[in-house]
Structures are given as structure tokens and as C-alpha cells.
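Enquirer: coords please:
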Amino acid sequence: MARTNHTRFVILGFLAHKPSSGYDIRKAIAASLGNFWNESFGQIYPALRDLEAEGWVRRTEGEADRRARRQTYTLTGTGHAAFMAWLREPAAPHIYRVETLVKLFFAPLAGPGEAREHVRRFLAEHRALVAKYRAIGARLDRELPDQPGLPYWKLTVECGIAVGQAYVDWCERADAVLAGLAQGGSHA
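Expert: Sure, this is the predicted structure:
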């Protein structure tokens with residue numbers, strides 16, 4: 001089964017809201033999806049060219065800015081239909097890649113002290129993420145209370161909080177287990 005190029009659908013989703021340049025799309029991704037999805041300019045601009053060739057977006061030349069003429073892309077009817085079809089499809093299974101867990105798996109070669117350091121860094125990272133997501137949720141409530149998309153956006157933030165808190169809880173337990181191993185105790 002061929003892999004779906006999700007970049008194109010992320011772009012179509014932003015263009016469904018308003019015509020935008022590649023730069024504006026990248027900025028919008030970073031500001032909204034950036035906590036769980038990332039697209040680089042090197043992914044966005046080739047995807048925009050492909051979408052234009054397929055007739056899913058239309059490019060217009062705008063006013064020149066500091067460096068070049070600004071190109072804005074608008075979603076076509078065909079592009080909107082393709083985006084809506086993708087939106088209705090089930091999401092592909094997520095494949096987790098957590099380097100801390102890989103290092104923990106191989107930690108018997110280095111010992112519990114090294115493993116504890118990895119777990120403690122992971123714990124600090126996820127405590128900070130939980131705090132960040134809570135602040136984002138509060139900002140959304142404060143700045144966008146009347147937006148129809150707010151409940152959907154808040155669900156993404158709440159997922160980040162729940163996953164981050166689960167990692168925090170796991171890290172605290174893992175640190176206790178590793179402390180016991182470092183003292184020659186049981187790992188139960």
C-alpha cells in the first residue's frame with residue numbers, strides 16, 4: 001500500500017480557511033499544529049507545485065515584497081473535494097519513535113545510573129510540555145472564546161496534556177524502579 005503524502009492535505013486544510021502563501025502556511029502550521037505536526041519549507045513548496053499541477057490549488061502573483069513577488073495559493077473546488085475525502089478517511093496508525101525508551105531497553109549494558117539520567121531528562125521534558133500545553137489551552141480560552149473551532153483545538157491540547165502527564169507518571173515510577181536497581185534491590 002502506498003504511503004499518503006500528508007503534507008498536501010495539511011496544506012489543503014489551511015487553504016480551506018483562507019488563501020495563503022507558502023510562508024504563511026508554514027507560519028500557521030508552526031503556530032497551531034507545531035506541537036504535534038511539522039512541515040518544512042522544503043516540504044511545503046514542492047507540495048504546492050504538485051497541488052497546482054493537479055488543479056487542486058490555484059496560484060496568483062501578488063504584490064512584491066522585499067525579495068520577490070508574493071505568490072498566494074487558493075483552494076479549488078477539486079482541491080476542496082480531495083481534502084474533504086482525506087478528512088473522512090481513518091488516520092494511519094501512529095508509529096512511536098521514543099529514543100529514551102530505546103536507550104532504556106539497552107540500559108542493562110550501561111547500568112541503572114545512566115538509565116536514571118535518561119529518565120530524569122525525559123521527566124523534565126514532559127513536565128515542561130504539560131505546562132506548555134496548559135498555557136496554550138488557557139490562551140485559547142482567553143483569546144478565542146467565540147471561535148467555532150475552539151472545542152476541536154482544545155481537544156488537541158488536552159491530548160498533549162494527557163499524553164505528557166502519562167509520561168510524567170511513568171517517569172516517576174521508572175525513576176523509583178531504577179533507584180532500587182542502583183541500590184541492588186528488586187525491580188518490581
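Enquirer: Next, the buried residues of the helix or strand that G42 is a member of.
Expert: According to DSSP states H and E, G42 maps onto helix 41-53. Within helix 41-53, the residues that count as buried by 16 or more other C-beta atoms under 10 Å are Q43, I44, A47, L48, L51, E52. No exception for glycine: its C-beta is placed from N, CA and C like everyone else's.
Enquirer: Could you list every helix and strand in contact with it?
Expert: Judged by 3 or more C-beta pairs under 8 Å, 6 or more residues apart in numbering; DSSP states H and E, helix 41-53 is in contact with helix 6-17, helix 22-32, strand 57-64, strand 69-75.
Enquirer: Go again with 7 Å.
Expert: In terms of contacts (3 or more C-beta pairs under 7 Å, 6 or more residues apart in numbering; DSSP states H and E), helix 41-53 is packed against helix 6-17, helix 22-32, strand 57-64.
Enquirer: and it, average pLDDT?
Expert: Per-region confidence: helix 41-53 scores 94 on mean pLDDT.
Enquirer: Can you show me the CA trace of that helix as CSV?
Expert: Extracted C-alpha coordinates of helix 41-53, given in CSV (Å, rounded to 0.1, in the frame of the first residue of the first chain):
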residue,chain,number,x,y,z
PHE,A,41,9.5,24.9,3.6
GLY,A,42,11.3,22.0,1.7
GLN,A,43,8.1,20.0,2.0
ILE,A,44,5.6,22.8,1.5
TYR,A,45,6.8,24.4,-1.7
PRO,A,46,7.2,21.2,-3.7
ALA,A,47,3.7,20.1,-2.4
LEU,A,48,2.2,23.4,-3.5
ARG,A,49,3.7,23.0,-7.0
ASP,A,50,2.3,19.4,-7.2
LEU,A,51,-1.1,20.6,-6.0
GLU,A,52,-1.1,23.3,-8.6
ALA,A,53,-0.2,20.8,-11.3
